[in-house]
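> coordinates only, sequence not included:
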């Protein structure tokens, strides 16, 4: 396609778009007062937005934390106390008594190694997929024609013009070039008359 054809097609597209956007018509109408008016009506296409909420489903991921307990074996030392009969020599340092042996209960403590089981909590976070329903605003546009009217008077009312001319008294107007209708106070001074107001 040549440049001229391309430019012509572009201009035609603009012209058709302008015609679709605005249409203008003019008519002559006689008003009730007898005045002729040029009435111009222009229809303009205006876009009006309309917003409505639509239900949409979307997938989201949320964190889910779980706690598990792991078992561990460990060994610890614990004291163990037992009572045993302990022999004891009495009167060893007394020269007046024959030494003798006695047995008494005495606590004896020892340390023993014992195994034990320990539960240790371990936290784990997993991302779980879920579907949620939300309300999403969606805006659409619809075209509405609007009419604008203008009235311009192109001729006066004949009755009003005749009334204006008939109501004007003949000779009531004095032009600037007309001579004064009253005598000037200086007009008769030349004849010897005194000044008259």
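Happy to help now that I have it. It should be emphasised that the depicted structure is a prediction, and the values quoted were computed from it without experimental measurement.
> Low-confidence regions, the protein specifically.
By pLDDT under 70, the weakly predicted segments of the chain are 1-22, 157-197.
> all helices of it, in order?
In the chain, helices defined by DSSP state H lie at 3-21, 158-166, listed in chain order.
> any idea how far residue 36 is from residue 26?
Residue 26 sits at a distance of 13 Å from residue 36 (criterion: CB to CB, to the nearest Å). C-beta: built from backbone N, CA, C; applies to glycine.
> er, residue 42 I mean
In this structure, residue 42 and residue 36 are 20 Å apart, going by CB to CB.
> repeat for residue 68
Residue 68 sits 96 Å away from residue 36, going by CB to CB.
> So for those two, which residue has more residues nearby?
Neighbour comparison, residue 68 and residue 36: the larger count goes to residue 36, with 14 against 9 (by other CB atoms under 10 Å).
> And for the more buried one, nearest residue in space, chain neighbours not counted?
Among residues not flanking residue 36 along the chain, residue 155 sits closest, at 4.3 Å (CB to CB, 6 or more residues apart in numbering).
> State the number of residues packed around the one you found.
13.
> surely it meets residue 38?
No. With contacts counted by CB atoms under 8 Å, residue 155 stays clear of residue 38, the gap being 9.7 Å.
> does residue 126 have beta-bridge partners, and which?
With DSSP bridges applied, the residues forming beta bridges to residue 126 are residue 64.
> Help me confirm that it comes into contact with residue 62.
No. In this structure, residue 126 sits apart from residue 62 without contact. The criterion is CB under 8 Å, and the distance is 9.8 Å.
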